[in-house]
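J.: Got a sequence here, can you model it:
(2 chains)
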Amino acid sequence: MVRGMAILLLLQFVGEVISRALEVPIPGNVIGMGLLLGALGLGWVKLEWVQEAADLLLAHFALFFVPAGVGVMVYFDLIAKEWLAISVAMVVSTFAVMAVTGWTEAWLEKRGRGHVE
Amino acid sequence: MWSELLQNPLFGIGLTLLAYALAQKVYQRTGSILFNPVFTSIVSIILLLLLLEIPYANYVKGGQYILFLLGPAVVALAVPLYTRRQEILSKKGPILVGIAAGAVTSIVTATGLAWLLGASTDVVLSLAPKSVTTPIAIGIVEKIGGIAPLTAAIVVLTGCLGAICGPEFCRLIGVRDPAAMGLAIGTASHGIGTARMLEVDRLGGAVAGLAIGLNGLMTALLLPFLVGLFR
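T.: The predicted structure follows:
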């Protein structure tokens, strides 16, 4: 558990360093996810080293967003000024993205299966 | 005495954990998606702070410790991706094209609708990266121009929307395959949607996690270019 947590934090840190050094707009934790995936694939990190810590964190993934969400209260005034345009654009666009992404993936997969197998 | 205690990080940490535990209980009891635990915890904490006139700065002294754990949790998303790598690799084409289609749809519909409804240019630009995870979205808005705090708020609200009704909406429109559903929800509503997807299906959650990173990358590359076309 402690070893797993240490590995996750270390890779996040390396990710932060890469993100800053290369000035890419990708945050360190997302780069860290890629690094861990690579390390697992190459066998540098064994799955059982990180499994327990990862399972614990992923089981409570939603909790970690709560403080960021509470931060919305600071920007109420900003949202209130053009609330109608913001809410309509946000809601319709979110559903549109889900539909387009989901349909595209499902359609391509179905088509691919028909050709290959 | 109270004001001193409110300065203590234990206040923000305790309040967040308590609100979340209660929200989960309510969600389990009612079984209603309207009581999504992230959303109800956020709303109840905001209401409590406003009622007791406690500034956000006091809350975030403790809240930041909980937010900190988001970092290693995102790294941990590599674990389900690795354990389900065969299934995911076999769908790599559809996954990549699906995310790209979603990234373009998000930019075009969000900015287009806001513009049609007469929003100011600042607001239109702030909406453009709405489906991208917060740190990437902030980076993009700083580059294209827009109001970074407004983007942060819109991103969180977009996440909550996808978490509350994403799986139900996907089933309604016939997207039932867990990988396709995870991809749709991860692309549309980043981490907060992914959190809900992890509860629905483990493979779907892993694919949603992948979509956070790839949609962020694609939008970060595409958006400054698209904005340049209109200038």
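J.: got the contact list for the nearest residue to B:G182 once chain neighbours are set aside?
T.: If you skip the residues right next to it in sequence, B:G182 has B:G204 as its closest partner in space, 3.1 Å away by CB to CB, 6 or more residues apart in numbering or on different chains. For glycine as for every other residue, the C-beta is placed from the backbone atoms N, C-alpha and C. By CB atoms under 8 Å, 6 or more residues apart in numbering or on different chains, the contact list for B:G204 reads B:178-179, B:181-182, B:185, B:197-198.
J.: separation between the most centrally placed residue in chain B and B:L96?
T.: For chain B, B:G159 is the residue whose C-alpha lies nearest the centre (CA atoms, centre = their mean; 3.3 Å). B:G159 sits 22 Å away from B:L96, taking CB to CB, to the nearest Å as the criterion.
J.: ok, now A:V2?
T.: Applying CB to CB, one obtains 37 Å for the distance of A:V2 from B:L96.
J.: of the two, who's got more company?
T.: Ranked by neighbour count (other CB atoms under 10 Å in any protein chain shown), A:V2 and B:L96 place B:L96 first, with 16 against 8.
J.: ok, now which ones touch the more buried one?
T.: B:L214.
J.: hmm, try it at 10 Å
T.: Contacts of B:L96 were listed using CB atoms under 10 Å, 6 or more residues apart in numbering or on different chains, and they are A:105, A:108, B:183, B:210, B:214, B:218.
J.: between those residues, which is nearest B:L89?
T.: Distance to B:L89, by CB to CB, is smallest for B:L210 among those, at 11.1 Å.
J.: Identify each buried residue in the helix or strand hosting the closest one, please.
T.: Assigned by DSSP states H and E, B:L210 belongs to helix B:202-229. Applying a neighbour-count criterion of 16 or more other CB atoms under 10 Å in any protein chain shown, the buried positions in helix B:202-229 are B:202-220, B:222-223, B:227.
J.: per-residue confidence averaged over that helix?
T.: In this model, helix B:202-229 carries a mean pLDDT of 90.
J.: in chain A, which helix or strand is least confident?
T.: In chain A, the helix or strand scored least confidently by mean pLDDT, DSSP states H and E is helix A:76-81, which has a mean of 86.
J.: which secondary structure elements does it contact?
T.: The criterion is 3 or more CB pairs under 10 Å, 6 or more residues apart in numbering or on different chains; DSSP states H and E, and the helices and strands that helix A:76-81 contacts are helix A:83-116, helix B:121-127, helix B:148-172.
J.: Briefly note if the last one comes near chain A.
T.: Yes. Helix B:148-172 comes into contact with chain A when judged by CB under 10 Å from any CB of the partner chain, the residues involved being B:149-163, B:165-167, B:169-170, B:172.
J.: Model confidence at the residue nearest in space to the middle of chain A, what's the number?
T.: Centroid-nearest residue in chain A: A:V30, 6.6 Å away (criterion: CA atoms, centre = their mean). Among the per-residue scores, A:V30 shows a pLDDT of 85.
J.: likewise B:L52?
T.: We note a pLDDT of 93 for B:L52 in this prediction.
J.: about what we covered before: ok, and the closest non-adjacent residue to the residue nearest to the centre of chain B?
T.: B:I192 is the one closest to B:G159 (CB to CB, 6+ apart), at 2.8 Å.
J.: now do B:L210
T.: Taking CB to CB, 6+ apart as the measure, B:L210 lies nearest to B:L81, with 5.9 Å between them; neighbours along the chain are not counted.
J.: do you know how far the one you found is from A:A89?
T.: Distance, B:L81 to A:A89, using CB to CB: 31 Å.
J.: Looking at the two, which is more packed in?
T.: A:A89 (27 against 22).
J.: check contacts around the more buried one.
T.: Applying CB under 10 Å, 6+ apart, we find A:A89 in contact with A:82, B:109-117, B:119, B:123-124, B:127-128, B:130, B:154.
J.: and of the contacts of B:L96, the nearest to A:W44?
T.: Nearest to A:W44 among these: B:L210, at 20.4 Å, using CB to CB.
J.: Just confirm that closest one contacts B:A78, I think it does.
T.: Yes. If you go by CB atoms under 10 Å, B:L210 and B:A78 touch, sitting 9.4 Å apart.
J.: Find residues that contact each of those two.
T.: Taking CB under 10 Å, 6+ apart as the contact rule, the neighbours common to B:L210 and B:A78 are A:33-34, A:37.
J.: B:E4 - how many residues pack around it?
T.: Other residues lying near B:E4 total 7 when counted by other CB under 10 Å.
J.: B:G166 too?
T.: Taking other CB under 10 Å as the neighbour definition, B:G166 ends up with a count of 32.
J.: Tell me the buried residues within the contacts of A:A89.
T.: Neighbour-count burial within those applies to A:82, B:109-111, B:113-115, B:117, B:119, B:123-124, B:127-128, B:130, B:154; the criterion is 16+ other CB under 10 Å.
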